[in-house]
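In: Here is the input, now give the coordinates:
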Amino acid sequence: MTVLAFAVVVWLFVVGLYGMVTSRNLIHLVVCLSVAQSATDLLLLEIGYVGHGHAPVFVDLPKHPGPTVDSIMQALSLTDVVLGAAVSALLLALSVQVHKRTGTLDPDELRTVEPNRS
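Out: Numbering: from 1, shown residues only. Next up, the predicted model:
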C-alpha cells in the first residue's frame, strides 16, 4: 500500500467525519456516513492489492501463474458495500419517518419539537 493511497483513505474518512459532526440535516448526515464508509472500502481494496497480480481464478492458468490479488479482501469489501447500502437505506427510511412525525430534519430541533399525534 502506498502512502498516497493511505492518504486518500484518511482524507475520505476525515471529510466524512467532519460532515457528520457539522451536519444540520439528517439526510446530509447519512450521505457523510456513506463517504466515511467508502474510505473503509478503499482501505480493504488497497490492503488486498498486489502489483501485476491477476484474478484469483486458477482454472485455465499455467501451473505457476504468478502473484494473485487477495480474494478475501475483495469479499470483505463487497460485504462492506452491501452492509453500507443496507444501513444507508435504513437511516434514510428513519429520516423520512422523523420528518413525517416532527416536520423537521434538523437534529438540534428534534430535541425541542413535540411529535405530531396524527
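In: for the closest residue to Asp70 other than its chain neighbours, phi and psi?
Out: Nearest residue to Asp70, sequence neighbours excluded (C-beta to C-beta, 6 or more residues apart in numbering): Gly48, at 3.5 Å. Any C-beta I mention is one placed from the backbone N, CA and C, and that applies to glycine too. Note on Gly48: its backbone torsions stand at phi -90, psi 0 [degrees, to the nearest 10].
In: how many other residues sit next to Gly48?
Out: Close neighbours of Gly48, defined as other C-beta atoms under 10 Å, add up to 20.
In: May I ask you to name the longest helix in the protein?
Out: When the chain is parsed with DSSP state H, its longest helix is helix 71-102.
In: Quick check: the gap between the residue nearest to Asp70 and Pro56.
Out: Using C-beta to C-beta, to the nearest Å, Gly48 is found at 10 Å from Pro56.
In: which neighbours do these two share?
Out: Counting by C-beta atoms under 8 Å, 6 or more residues apart in numbering, the contacts common to Gly48 and Pro56 are Val69, Asp70, Ser71.
In: So which residue is dead centre in the chain?
Out: Residue closest to the average C-alpha location in the chain (C-alpha atoms, centre = their mean): Gln37, at 2.2 Å.
In: and that one, what is it in contact with?
Out: Gly16, Asp80, Gly84, Val87.
In: Look up which helix or strand the residue lying closest to the second one once chain neighbours are set aside falls in, please.
Out: If the residues on either side of it in the chain are set aside, Asp80 comes closest to Asp41, at 5.4 Å by C-beta to C-beta, 6+ apart. Per DSSP states H and E: Asp41 is located in helix 26-48.
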